[in-house]
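Enquirer: coords below, sequence missing:
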């Protein structure tokens, strides 16, 4: 499978520091976006630990007998443990945590995993589909019918995570296989994009701009023009063949 890809991050217009982190394997095997929280030092540290440990683990066990599902879950669990260890050794960062979304292409399979509200989208034949489910209080309330779509849009708890890395009670690492085919595009992003740029505009940018870098440039521009209230991190992958 031939793919074209790139990623970029922007601190936005409000925050002085960037608590997002991202990584992509130069060979195109795996891609990671993480969005940290817990204050200036804590958020940066948590997302960096998660990104570093996940990519280390994926490299370490890439050629092992682990299934893709096992590999992803192991990488997330080890990242979580590393953040917990850092919290223990640095009490000033005890509240830090991070989201993470990961895509891998391995053994002729495509898989993804995520914790938190950083998202994975698939764009196929002009239509955008959100693949990941947000691990937030609002998303859970929507699912069980406690909130309507209109109520959820501006709910004061819409950023409250129900799961993230950096918690002893981590229980919901969502891992699933991905159906991808020639012509598809994948987009991984932090909520600094999706809070400012809604799905229809993301869809139109993916339809209009053919290269990953052009899509990212335009989406960051749109997010900044909409307010740029958070850090913005995006990876775009074109499935060429």
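Expert: All right, it came through fine. All of these numbers come straight from a predicted model, not from anything done at the bench. Numbers count the residues shown, from 1 in each chain.
Enquirer: Going by C-alpha atoms from here, please, whenever you check contacts or count neighbours.
Expert: OK.
Enquirer: In stretch 68-79, which residues are buried?
Expert: 68, 71-79 (16 or more other Cα atoms under 10 Å).
Enquirer: cool, and stretch 5-24?
Expert: 5-12, 17-24.
Enquirer: Take those residues and keep only those in strands.
Expert: 5-10, 20-24 (DSSP state E).
Enquirer: same for the longest strand seen in the chain, what does it pack against?
Expert: The longest strand of the chain (DSSP E) is strand 97-106. Applying 3 or more Cα pairs under 8 Å, 6 or more residues apart in numbering; DSSP states H and E, one finds that strand 97-106 contacts strand 30-37, helix 39-61, strand 109-115.
Enquirer: any chance of those in CSV, plus distance to residue 208?
Expert: Below are the helices and strands packed on strand 97-106 laid out as CSV (distance: least, Cα to Cα, whole Å):
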stretch, distance to residue 208
strand 30-37, 23
helix 39-61, 30
strand 109-115, 25
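Enquirer: Could you say which one of the ones you listed comes nearest to residue 201?
Expert: Closest approach to residue 201 among the helices and strands packed on strand 97-106 is made by strand 30-37 (20.7 Å; Cα to Cα).
Enquirer: Packed most tightly, which of the helices and strands packed on strand 97-106 would that be?
Expert: strand 30-37 (a mean of 28; mean count of other Cα atoms under 10 Å).
Enquirer: So what's the gap between that one and the chain middle?
Expert: 5 Å (Cα atoms, centre = their mean, to the nearest Å).
Enquirer: Same check on stretch 29-47?
Expert: Taking mean C-alpha positions (Cα atoms, centre = their mean), stretch 29-47 and its chain are 10 Å apart.
Enquirer: do stretch 185-204 as well
Expert: 11 Å.
Enquirer: Now do the end-to-end distance for it.
Expert: 13 Å (Cα to Cα, to the nearest Å).
Enquirer: Residues touching that stretch, excluding its own?
Expert: 20, 32-35, 101, 117-124, 126-128, 206, 219-220, 222-223, 226-239 (Cα atoms under 8 Å, 6 or more residues apart in numbering).
Enquirer: low-confidence ranges in this structure?
Expert: Within the chain, the stretches with pLDDT under 70 are 40, 137-158.
Enquirer: just to revisit the earlier point, out of the buried residues of stretch 5-24, who's nearest residue 132?
Expert: For the buried residues of stretch 5-24, the closest approach to residue 132 (Cα to Cα) belongs to residue 22, at 17.2 Å.
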